[in-house]
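1. Mind looking at a prediction? Sequence and model below.
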Amino acid sequence: MELGKAATPLFDKKIITRAVVDSFTKLDPRTLIKNPVIFLVGAGALVTTYIVASDIINHTAVLFDMQICVWLWFTVLFSNFAEAIAEGRGKAQTDNLRKSRTTTSARKLEGDKETIISAMDIRKGDIVVCETNDIIPADGEVIEGIASVDESAITGESAPVIREAGGDRSAVTGGTRVISDRIVVQISTNPGETYIDKMITLVEGAKRKKTPNEIALSILLIGLTIVFSAVVVTLWYFLNYYHVTSGQDTSIVSVPILISLLVCLIPTTIGGLLSAIGISGMDRLLKHNVIAMSGRAVEAAGDIDVLLLDKTGTITLGNRMAADFIPAPGITEEELADAAQLASLADETPEGRSIVVLAKDKFGIRGRDIKNLQATFIPFTAQTQMSGVNIAATSAHSERIIRKGSLEAIKRYLSTESKIDIHKQSDYLFTHMIGVDIALEGGTPLIVVENMRLLGVIQLKDIVKGGIKERFAQLRKMGIRTVMITGDNKLTATAIAAEAGVDDFIAEAKPEDKLRRIREEQAQGKMVGMIGDGTNDAPALAQADVGIAMNSGTQAAREAGNMIDLDSNPTKLIEVVEIGKQLLMTRGALTTFSIANDVSKYFAIIPAITGTLFAVEGSHGPLAALNIMGLATPQSAVLSAVIFNALIIIALIPLALKGITYKPEGADTILRRHILLYGIGGLALPFVCIKVIDMLVVWLHLV
Amino acid sequence: MIIISDMLQFLLFLAAFITLAYILGKYFDSVFTGKENILSRIIGPIEKYTYKLLGVNSTKQMNWKEYTWALLLLNGLGLVLLVAMQLLQNLLPANPEKLPAVGFWLSLNTAISFVTNTNWQAYAGETTLSYFVQMFGLTVQNFLSAATGIAVLLVLIRAIGTRKGEDLGNYWVDMTRAILYILIPLSIVMAVFLVSQGVVQSFSSYAHVTTIEGAKQVIPLGPAASQVAIKQLGTNGGGYFNANSAFPLENPTYWSNFFQVLSIILIPGALVFMFGFMLNSKKHARIVFGVMLFLFVAGVAVSYVSEMSGSPLYKGTVLMEGKEVRFGVFQSILWSVATTVASNGSVNAMHSSLSPVSGLICMLNMQLGEIIFGGVGSGLYGMFLFILLTVFIAGLMIGRTPEYFGKKIEAAEMRWVMAAVLIPNLVVLLFSAAGLYLRDGLAGIANPGPHGLSEVLYAFSSAANNNGSAFAGLNANTNFYNILTGMAMLCGRFGVIVPVMAISGSLVKKNIAPVTSGTFRTDTLLFAFLLTGVILIVGALTFFPVLAIGPGLEQLLMYLGKTF
């Protein structure tokens, strides 16, 4: 099961039911005030309600005012509904996470004494023990033992993973289950502060903190709201001036009408959808199995200029594979393959296995029974940097001593063991040439010697992931540069960089190189994203503007990053960038749309309330000419504008939840399309809609 | 025929304007970046001596707070001094007409008006103020207020161009250079030219003459040419005489008129080019200049058509009421648009008599915040607020947090941008409402109905945006209007300057992100289109209702044969 996937059709019945109820509970002014634009609509609705109510008591109630009142409340409710449904979808996902947490108890270890306490009572620094079938009570770090852990509750990945003390796989997540062995875990978070808790907070509107860009946008929206409040209030005075000094009839200008005008002008569309956009952004991240520590990080992801990517696992498949046998002069390729396979039979590394497989594929050489060979295998050690096999002499052949290793290692081996001055060997020169050649193609040469005689070279190649080149090309279009980090030498790195299409690389990189590079890029004003897992990545993750730690990584790395990828998939960074961009684009587009809408609303409402000025008896006043939509009556015009204003919020909920579709293109192309769609579209659409609603209103005899 | 001649005049005007603005822009750049220029030999020593005299350490850099305090200090002192001069006018020299002391509220209004570069004139110059006050009070402020505008713009430019810094220049140095290298030399050239055209420059008392018809006439004189030069160049606009540049002694000939209009928008235009040179982004500057030019030309075109098509009441003749026959429709319209786009406020025709649509254009020009070339310095830093708004809204649409010149536009900047946009707009709306509601306000209105609404709206649009032109018809020299327009002028000036300084203080500390293909470009036609859209939509949305029921209604009523 991948997290949340099951519970995310756009409109799930259960979510909708809950959202409808929430729309009403969110009318609480303490909740509403967090969204000043909608709060003002609520206040207007309240005033209108009061007017209508007192009219009813005085038996002077007007159907028109009552309808305005209802639609104003709908505007507030629709906005609440948008937020509630976004929260609902987020909650549906976090509920799964929460479930895993609530039922846990923990075996706390004090000295040698073990006590069973509730998971909720666990504190940071406590030490707990977990054995087979225990659920790990909270996030922490394995300090003793090794165990396989089922993390499917949070990652959706059913294969168990190994967690062990020390090294890069020491972090465990609360809510996951130990399925074998025993580990001792030092807890690193208090209840309510775990990653899952943080994520839950981010999708719950009430506790959610606004992100920096949301705050900036809110300021713009509040500013516009203040301007329009002044416009509407002063309009009353200006009209009153005509009433007083020129004896004009301005009776149409009632409080409900002015409130209608105000509600239509203030940016209710974006105001009503703003938090839904933010929440659903988090929700989309979660769907990609990424947990963000803050909304700020998601926003920053949209701004990334440079991506630092580890070669292994991100750009290339995890391990190098044997790609070719290149025999030395006088040796057949098959002989080389045979020797190479023999030397690799006991080599359980992926590299070793790939040699066995390649030999089998190319020449049908089967893996031989190791026992019958009377062979001693020489395992790879850090000192020799070689592995191989010694096969005792038989009737068929004399003793075979086969070694394979890197160029350097074999060179050392030959010169120390055989006392041969290999520099004089033409063989050596040949090997050297091939070695360079292979390195240029992005491969690593593995030299095979038998009985001090050079057999040839196995070309080990990094396999660049399919489609990654296109991915980087897209990033380049988006203005994002990619930097590959690799421990390989320059030659190899150059070749892989060219094959994968990255913009730059750091070869022979040490952990501190990453940190230095990030600082350099940041000094130039760039935003840097990186992904990492090991403890030595922690400083770089903390330094990066967006640091994604892999869930399989260490606790240190997870704490340093501002996002965690539950799938531990390094290419995830690209998706995160896209989600960040989508989030910002959706906000911008709806803001533009909201402001552009106002033009048509003026053309609906202004002639409605000023059309009677200086009217000669029996005809309209001159300003009725502004009624370019030809709306039926002043009342129908105002009502239609208010209805449009409310309905557009509902209509745009799907867009707010899904976000604007993101295509990797240059800024100009994206901008041009969005201006056309949301700017010009936002200008034109309401003219049509208001006209249609007006016709419906008249047809239904609502006014 | 007349249309072709008008168009040729317009083209000549635009060509002269763009050429001179470009040349001056390059010169301004050299002045403020300390490069060698044609005047540095002559003025360099004077500049050094000035610093010595004022005790200014010209190498000391100020942060935004220090700079703002220095600015407020000088403006505050200027205000107090100017009020004092008027209150003590009868005791001061150079008062051959023995004009009495000015009343407190009027003198305060006038002082605010000149300190804020508004030059709203609730008084009539020749019957209210002595030579001394005009020269040592008003003219000095004409220089200082224009230089202050340039100083604020310089701070902004430095803030944009500095990577992670604090230093924004030295207020005293910026003021000194602006005055010595720019305002004084240009004023001298202009004044000499004006005198050659017949503008008076005299310290004699008013001439009493007998006309051929035998009537006695008093001809007001004074050091007009020198004040007129800076009034135009510094987008001040306060006329020496009450009738301003419609008065023959202030604006006698076609060429004096031509160059006076030109000088209204000359420095504001040149500053846009300077901005491009200083930030090394000429293309962006050209786009901004282009947007301003487009709005300017559009304003002229609409007004021109409106005036030429006249009124059905007059059977299609052009509207000449309130215009000087010497100048005709085109030169009057060119002036009315130039003076309102550029926060100048001087007039060569009576705006009250323009067709309602032309009046609407004048008001809208001011209400947009005097950003179409605008005031000296203030035009571009005002435009900058709209640029930030555009960058913010459109920047989001490309999926990045908004940035301008690589600097992130965040909550701190938006807060101040909104403050600077809100303050003048709220003042215009709320004060106009007060003027049209309270008895004291209504008392000043000469023509009730839509025209009266326009009179009040125009007054506050002019004051709050530091334009200073008047619609006539409104009796503004009452305590009510003196106090309210005074407050409007202060809010409109410092309610924008302080936010712009704060924005600069915030921007200067930020790093500069490099340009990539994912960056929002501000040097394209697309950006020009967006910027124009944001200016018009934000401006129009704020003032659409009141302009509709004011000048809009009046125009429509005029078609129906009803005038006010």
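-> In hand now; what should we look at? Residues are numbered from 1 along each chain as shown, chains lettered A, B, ... in the order given.
2. Of all residues in the stretch 601-703 of chain A, which one is closest to chain B?
-> Residue nearest to chain B within the stretch 601-703 of chain A (Cβ to the nearest Cβ): A:P622, separated by 3.4 Å. Heads up, the C-betas are built off the backbone N, CA and C, glycines and all.
3. give the contact list for that residue.
-> For A:P622, the contact set (Cβ atoms under 8 Å, 6 or more residues apart in numbering or on different chains) comprises A:L613, A:F614, B:L553, B:L556, B:L557, B:Y559, B:L560.
4. Mind telling me what element A:L475 is part of?
-> Following DSSP states H and E, one finds A:L475 within helix A:468-477.
5. helix or strand right after that helix?
-> As assigned by DSSP H and E, the chain's next helix or strand after helix A:468-477 is strand A:481-485.
6. and that following strand, average pLDDT?
-> For strand A:481-485, mean pLDDT is 88.
7. which strands and helices sit next to it?
-> Contact here means 3 or more Cβ pairs under 8 Å, 6 or more residues apart in numbering or on different chains; DSSP states H and E; on that basis strand A:481-485 packs against strand A:306-310, helix A:468-477, helix A:490-500, strand A:504-506, helix A:511-523.
8. Can you tell me which of the contacts of A:P622 comes closest to B:F258?
-> Of all these, B:F258 sits closest to B:Y559, with 33.5 Å by Cβ to Cβ.
9. Check the gap between that closest one and B:A548 for me.
-> 15 Å (Cβ to Cβ, to the nearest Å).
10. any weak-confidence spans in chain B?
-> Residues of chain B meeting the criterion pLDDT under 70: B:1, B:311-317.
11. Centre-most residue in it?
-> For chain B, B:S343 is the residue whose C-alpha lies nearest the centre (Cα atoms, centre = their mean; 2.0 Å).
12. Quick one: end-to-end distance for stretch A:321-338.
-> Its start and end residues considered, stretch A:321-338 measures 17 Å (Cα to Cα, to the nearest Å).
13. The stretch 151-300 of chain A against chain B: which residues are in contact?
-> A:212-213, A:215-217, A:219-220, A:222-223, A:226-228, A:230-231, A:233-235, A:237-242, A:245-246, A:265, A:299-300 (Cβ under 8 Å from any Cβ of the partner chain).
14. So which of those sit within helices?
-> The members of these that map onto helices under DSSP state H are A:212-213, A:215-217, A:219-220, A:222-223, A:226-228, A:230-231, A:233-235, A:237-242, A:245-246, A:265, A:299-300.
15. Just the buried residues of these.
-> Buried by 16 or more other Cβ atoms under 10 Å in any protein chain shown: A:212-213, A:216-217, A:219-220, A:222-223, A:226-228, A:230-231, A:234-235, A:237-242, A:265, A:299-300, out of these.
16. is it true that A:M484 touches A:E499?
-> No - shown here, A:M484 and A:E499 do not form a contact pair, counting by Cβ atoms under 8 Å, at 10.6 Å.
17. So these two - more neighbours on which side?
-> A:M484 (26 against 18; other Cβ atoms under 10 Å in any protein chain shown).
18. can you give me the strands in the stretch 101-250 of chain B?
-> Assigned by DSSP state E, counting those that start in this stretch, the stretch 101-250 of chain B shows strands spanning B:207-210, B:216-219.
19. now swap in chain B and tell me
-> Taking DSSP state E, the strands of chain B run over residues B:207-210, B:216-219, B:403-404, B:407-408.
20. so of the ones you listed, which one's packed in deepest?
-> Highest mean neighbour count among the strands of chain B (mean count of other Cβ atoms under 10 Å in any protein chain shown): strand B:407-408, with a mean of 24.
21. Contacts for that one, please.
-> Here strand B:407-408 makes contact (Cβ under 8 Å, 6+ apart) with B:I160, B:T401, B:P402, B:L507, B:K510, B:N511, B:I512, B:A513.
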